[in-house]
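In: Give me coordinates for this.
(chains A and B)
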Amino acid sequence: GENVEQHPSTLSVQEGDSAVIKCTYSDSASNYFPWYKQELGKRPQLIIDIRSNVGEKKDQRIAVTLNKTAKHFSLHITETQPEDSAVYFCAAEAIWAGGTSYGKLTFGQGTILTVHP
Amino acid sequence: EPEVTQTPSHQVTQMGQEVILRCVPISNHLYFYWYRQILGQKVEFLVSFYNNEISEKSEIFDDQFSVERPDGSNFTLKIRSTKLEDSAMYFCASRDIPRTSGRVGDNEQFFGPGTRLTVL
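Out: Below you'll find the model as predicted:
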């Protein structure tokens, strides 16, 4: 089955700096890679996602890059703000594999991001 | 904006008791999921459900677990005989038909707020 590794486990930055979180996956059938932000006691919320036929996607201060050959993908947050402080999870899923589209998300271990004012 | 809802928000039970966790997915969604998150750990897949049957389950989802969609709106997770290690946050998620547009969120699994299960 799929295995997703995420690093670092904690990341501390100053407000305005950039933050980068990296993930690797093992299953070449995975073709969808979402990133979720989870605040304490709350539900995971999607912040950005990327499909395997795309190398990079940006949405305002957030970008995701994917290297399908190396099986790794990264989240980049620029101009960080204190409200970006949360736990970030990467995930991988094979949505369109084998003619089915049920999918199941395999999550990384999470990164606790702290942005200091 | 439509949201996935879950009840109860917190359930405390004694070991060996049965619990039913309830979810109301987003109304036009077709795919339903249960995940769990032990405190401080990652979110783990339990089961997926489509067309009124289980499509996939993890090794965590043993004979003590079952899922049901008893009507057109509810999706339930039952744990027949709870164990201490079942203590976790349980998230329900739902999704529409996956799309290939590439727009952020077109393949999103929408998560509910979770039910915190505490087994004593």
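In: so which helix or strand takes in the spatially closest residue to B:H10 that is not a sequence neighbour?
Out: Spatially, and ignoring its direct neighbours in sequence, B:H10 is nearest to B:R116 (4.6 Å; CB to CB, 6 or more residues apart in numbering or on different chains). Any C-beta I mention is one placed from the backbone N, CA and C, and that applies to glycine too. Here B:R116 is covered by strand B:115-119, with elements defined by DSSP states H and E.
In: Give me the residues contacting that strand.
Out: B:6-15, B:19, B:21, B:79, B:82-90 (CB atoms under 8 Å, 6 or more residues apart in numbering or on different chains).
In: Which ones among these lie within strands?
Out: Using DSSP state E to define strands, the subset of those located there is B:Q6, B:T7, B:H10, B:Q11, B:V12, B:T13, B:V19, B:L21, B:I79, B:A88, B:M89, B:Y90.
In: which residues does the fourth one contact?
Out: By that I understand B:Q11. Contact criterion CB under 8 Å, 6+ apart gives B:V19, B:L21, B:T115, B:R116, B:L117, B:T118 as the residues in contact with B:Q11.
In: Let's see that with 6 Å instead.
Out: The contact partners of B:Q11, by CB atoms under 6 Å, 6 or more residues apart in numbering or on different chains, come to B:V19, B:T115, B:L117.
In: Where does the prediction get shaky in chain B?
Out: Under the criterion pLDDT under 70, the flagged ranges of chain B are B:99-105.
In: Spatially central residue for it, please.
Out: For chain B, B:W34 is the residue whose C-alpha lies nearest the centre (CA atoms, centre = their mean; 2.5 Å).
In: which stretch of helix or strand covers that residue?
Out: Once you assign secondary structure using DSSP H and E, B:W34 falls within strand B:31-37.
In: For the helix or strand following that strand, name the packing helices and strands.
Out: Later in the chain than strand B:31-37, the nearest helix or strand by DSSP H and E is strand B:43-50. When contacts are defined as 3 or more CB pairs under 6 Å, 6 or more residues apart in numbering or on different chains; DSSP states H and E, strand B:43-50 sits against strand B:31-37, strand B:53-57.
In: Show me what the shortest one is packed against.
Out: It stands for strand B:53-57. Secondary structure elements in contact with strand B:53-57, counted by 3+ CB pairs under 6 Å, 6+ apart, are strand B:43-50.
In: next one: the strand it packs on to chain centre, how far?
Out: 7 Å (CA atoms, centre = their mean, to the nearest Å).
In: Could you tell me which strands sit next to it in the sheet, and their orientation?
Out: According to DSSP bridges, strand B:43-50 has the following sheet partners: strand B:31-37 (antiparallel), strand B:53-57 (antiparallel).
In: Any idea which of these gets closest to A:V87?
Out: Comparison of the strands paired with strand B:43-50 against A:V87 by CB to CB identifies strand B:31-37 as nearest, at 10.3 Å.
In: Looking at the contacts of B:Q11, which one is closest to chain A?
Out: Looking at the contacts of B:Q11 and their distance to chain A, the nearest is B:T115, at 11.0 Å (CB to the nearest CB).
In: Compute the number of surrounding residues for that closest one.
Out: By other CB atoms under 10 Å in any protein chain shown, 22 other residues sit near B:T115.
In: any weak-confidence spans in chain A?
Out: Screening chain A residue by residue with the criterion pLDDT under 70, one finds the ranges A:96-102.
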